[in-house]
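> sequence unknown, structure follows:
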């Protein structure tokens, strides 16, 4: 069922969702909050935008133009409806297509910042996946594998551009391998914990295309200690 919700702590913004298909989650909020230091003329690309929550949150902080790719037609329609509802159609563009064909829309080395909340889980025909097709595509690498993502980011980013990624810690070794392979060098790593006595549930990375080696692991963030995530990395 299609519904209109408040955009969490970012009032008066609203977001269009479908409770049966796709609703944004905490990882998108934290990833959007992790994006800092945006310059006035920076061009921003959001990969796997879903219903557009990351561009909507970023528009709360930055007036920059944002391009967002979403492969699923219905989910892209939800994102476009949210843009119209919030009068953001001039700032944010949603493209309903596979981001792997971004070369059809933009030349290489075009964006200053790329942001991605991609599918987390590898996919095989034997994999147990959600019967709901939209949810399965959002969670499993059915259309976009991790290496596809890095290949796309390398194409899209300008020299020394910044890549922000949220993923699961279990795949960090693979992520760091691809960082080296595609010269998108990890500069900051932030582990997220939902409870003090549990393992990390998420990892955020800030990477620089052709950056110098040297990574900073930030202090762990225990999100159960917060009532609001707004400005959580700016405190």
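Right, received. Where do you want to start? Computed from a predicted structure; not experimentally measured.

> What segments of this protein are helices?
26-34, 53-58, 73-85, 133-139, 146-156, 172-181 (DSSP state H).

> Mind checking these for the one nearest to residue 219?
Closest approach to residue 219 among those (CB to CB): helix 26-34, 13.8 Å. Placement of C-beta: from N, CA and C, glycine included.

> Residue 201: what's it in contact with?
Taking CB atoms under 8 Å, 6 or more residues apart in numbering, we find residue 201 in contact with 168-169, 192-194.

> Take the residues you listed and lay them out in TSV including neighbour count, distance to residue 115 and pLDDT.
Converted to TSV, these look like this (neighbours: other CB atoms under 10 Å; distance: CB to CB, whole Å; pLDDT from 0 to 100):
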residue	neighbour count	distance to residue 115	pLDDT
168	14	17	96
169	15	19	97
192	19	16	97
193	17	22	96
194	13	22	90
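
> Mind checking which of those residues are in strands?
192-193 (DSSP state E).

> Tell me how far residue 161 lies from residue 142.
Distance, residue 161 to residue 142, using CB to CB, to the nearest Å: 27 Å.

> which of these two has more neighbours?
Between residue 161 and residue 142, residue 161 has the larger neighbour count (other CB atoms under 10 Å), namely 24 against 16.

> so where's the chain shaky on pLDDT?
For the chain, the stretches with pLDDT under 70 are 124-138, 140-141, 235.

> And the strands in it, which stretches?
2-6, 14-18, 44-47, 66-70, 92-96, 111-116, 157-167, 184-193, 202-209, 216-217, 221-222.

> Partner strands of the first one, with direction?
Spelled out, that is strand 2-6. Here strand 2-6 is paired, per DSSP bridges, with strand 14-18 (antiparallel).

> can you check the last one too?
Within its sheet, strand 221-222 is paired with strand 184-193 (parallel), according to DSSP bridges.
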